[in-house]
Each structure stands twice: as C-alpha cells, then as structure tokens.
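Asker: below are the sequence and a predicted model for it; my questions follow.
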Amino acid sequence: MKKTFVVTGASRGIGFDLVKHIAAKGHTVFALSRNLKSLQTEEMIHPVSLDITDEKALENFAKKLRADNIVIDALINNAGALLNKPFSETSKEDFETIYGVNVFGLASLTRLLLPLIALDGHVVNISSMGGIGGSSKFPGLAAYSSSKGAVNILTELLAEEYKETGPAFNTLALGAVQTEMLAQAFPGVMAPLSAMEMAEYIFKFSLEGQQFFNGKVLPVSSSTP
C-alpha cells in the first residue's frame, strides 16, 4: 500500500538518499529543505523549499497539506545543524542557531503536522550517539550533542503524551555514517556505513518500527568516531 512521508533535511546526505529510496519504493514523499538544487520534482517526490526555523513557513506548509487532505504515515525529522567549535568560543547565538534547527524547528514542525499524521503513523527523529548519556563525547560538539540529547528526551515525552491515541514516536541515534556532516565533525574519519545504507534502514524502521517500539531512543551504530 502506498504511504505518504515527510522528510526534512532532504537536500544532501542521508536525507537525500532517503527521499530517493522512498520514491523508488513507490511511496509519496514531501522533501523539505532550504536548498533544493539537488532535488528534482518527480512523480513521487514533492520538493518543498522550507526553513524549519521559520514558524510562519511551517504553518503555511501544514495549511497546504491540510487543504489537500494529506494524511501522513511517517514524519522523519532528519534535518540537523552541526557546529564544531571549542566551547570557550561558542556564543549564545551559536547555541541558539543549533537548537533552533535541531530542537525548536523539529518540535514546531512535529506539532503542526500532528493533526495530519495517521493514528497508526510514526514520527522518527534522527539523533546522534553523542546525545546519549554515557556514550563517547568529543570536544567541540557541546551545542550539537546537547541538542541531540534534548531531542532524545522530547521523543520520550511525546510518546508518553500520545500513547493512548498515537502516533508513535521513536528516535534513531546514529553513529558514524559517511556524510558531509561527519566530515565536518571528524575530518579524515571514514565511516563503515554509507548514507544510502543508513537511509534504507531508516525507511524500513519508519514503516515497521512502531509495531515494536514507542518512546525509545535506539542506538544505530556499528562505529562511533
């Protein structure tokens, strides 16, 4: 049965490959990104130029989907901003920028789309191993990893709040995947997994994971730099 997905951070890395994979499997996907140069409109792909820190733009997007009677089966909050900078040089504005995308934008989009998500649907938040307590931590990632920790707790809270009605909420905390973001965070590191390999896993989990998990933060890591 054909499903409808919404994927953020769709212009590069895992998000780009995820959109392509979803469409190749015959499903409809709304691909959200500030930069759509790498994405072309296809039969199953609907690119949407959108900054998830822009509340008004998010409201307009949700309004359009509502007007078109769209029912979302899976929302995959994949968009993420990274900062690799010593904490002593990290300003309040730096923290606000990272949290604006990774936490506030994610929360706003999720809240606005919730009325459109099927009750048996799935919200999948893409996080990082760096946001899990007790995992390896690395200098320079204070803003990024702490924002991912906030996403992890938010996922647990939303699952609790909507456990009687649905949808389900889960987080995949990713380890090393060969993307531009990994190269920015850990120059020279080669990851054991490609973006497409991880995209395929996320796709399958978004369709099936809610049958087995709700409110869980699941490490998906064969290697952490």
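Answerer: Perfect, thanks for sending it. These figures come from a predicted structure and were not determined experimentally.
Asker: burial of the closest residue in space to Ser11 that isn't next to it in sequence, as a residue count?
Answerer: Distances taken as CB to CB, 6 or more residues apart in numbering place Ser33 nearest to Ser11, at 3.8 Å, with adjacent residues excluded. Where C-beta positions appear, they are placed from N, C-alpha and C, glycine not excepted. Counted with other CB atoms under 10 Å, the neighbours of Ser33 add up to 25.
Asker: list the beta-bridge partners for Ser33.
Answerer: Assessed by DSSP bridges, Ser33 has beta-bridge partners Ser49.
Asker: correct me if wrong: it contacts Val19.
Answerer: No: here Ser33 lies out of contact with Val19, judged by CB atoms under 8 Å, at a distance of 9.2 Å.
Asker: kindly point out which residues are neighbours of both of these two.
Answerer: Ala10, Leu39 (CB atoms under 8 Å, 6 or more residues apart in numbering).
Asker: the longest helix in this structure is where?
Answerer: helix 142-161 (DSSP state H).
Asker: show me how far that one is from its chain's centre.
Answerer: 12 Å (CA atoms, centre = their mean, to the nearest Å).
Asker: got a list of what the spatially most central residue of the chain touches?
Answerer: By CA atoms, centre = their mean, the mean C-alpha position of the chain lies nearest to Asn78, the distance being 1.8 Å. For Asn78, the contacting residues are Val7, Thr8, Gly9, Ala10, Ile14, Gly15, Leu18, Ile126, Ile202, by CB under 8 Å, 6+ apart.
Asker: what would these look like in JSON lines with secondary structure and pLDDT?
Answerer: Formatted as JSON lines, the contacts of Asn78 follow (DSSP: H, G, I helix; E, B strand; the rest coil; pLDDT from 0 to 100):
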{"residue": "Val7", "secondary structure": "strand", "pLDDT": "98"}
{"residue": "Thr8", "secondary structure": "strand", "pLDDT": "97"}
{"residue": "Gly9", "secondary structure": "coil", "pLDDT": "94"}
{"residue": "Ala10", "secondary structure": "coil", "pLDDT": "94"}
{"residue": "Ile14", "secondary structure": "helix", "pLDDT": "90"}
{"residue": "Gly15", "secondary structure": "helix", "pLDDT": "93"}
{"residue": "Leu18", "secondary structure": "helix", "pLDDT": "96"}
{"residue": "Ile126", "secondary structure": "strand", "pLDDT": "96"}
{"residue": "Ile202", "secondary structure": "helix", "pLDDT": "96"}
